[in-house]
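A.B. asks: below is the structure, and that's it, no one-letter string:
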């Protein structure tokens, strides 16, 4: 479901339809999952400014594609889990659970899992990722693949527990790029 706020969810449909509605209408500020979503392709967010509430549900990609890709220049997404049991998750067993190419993403809740030597989150040159909460399960992998952009862990309760991998050999990382 989606709508202007958590208490005003008027739209109903697939996750792709919710992302499209958020891109097309400034009235859509809140998307709340109502059930688990399993797909063979990535969910791409190319616009909008909204909160994605996992609501105790799981988004899982079963292919070699990233689970959620944020690639809109003016896109701003906050990912939370407002469920009572706090067991909402984004899972990918082969590659990134969340890929931030462009735009701004704040992770405040949920569990993010990648396996098979993959990374839970990848940040590219124009992306910004702020992590203030959440749990990160990285089966045989690093937590974050840093390829540029901005990474802010300063408000996370345990930023030293999140490993960051510099995936660009020629990239110089400074205090303006990664904030602890």
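C.D. replies: Looks like it arrived, so ask away. All values reported here derive from a predicted model rather than from experimental measurement.
A.B. asks: which parts of this structure are helices?
C.D. replies: 15-24 (DSSP state H).
A.B. asks: distance of the residue positioned nearest the centre of it relative to residue 160?
C.D. replies: With distances taken as Cα atoms, centre = their mean, residue 98 lies nearest the centre of the chain, 4.4 Å away. Distance, residue 98 to residue 160, using Cβ to Cβ, to the nearest Å: 21 Å. (Glycine included, C-beta is placed from N, CA and C.)
A.B. asks: partners of residue 58 in the sheet?
C.D. replies: residue 89 (DSSP bridges).
A.B. asks: how far away is it from residue 101?
C.D. replies: In terms of Cβ to Cβ, residue 58 sits 23 Å off from residue 101.
A.B. asks: comparing these two, which residue is more hemmed in?
C.D. replies: The residue with more neighbours, out of residue 58 and residue 101, is residue 101; 22 against 19, by other Cβ atoms under 10 Å.
A.B. asks: who touches the closest residue to that one other than its chain neighbours in this structure?
C.D. replies: Leaving aside its sequence neighbours, residue 101 sits nearest to residue 71 (Cβ to Cβ, 6 or more residues apart in numbering; 4.1 Å). Residue 71 sits next to 44, 45, 46, 101, 102, 103 when contact means Cβ atoms under 8 Å, 6 or more residues apart in numbering.
A.B. asks: if we go to 6 Å?
C.D. replies: 46, 101, 102 (Cβ atoms under 6 Å, 6 or more residues apart in numbering).
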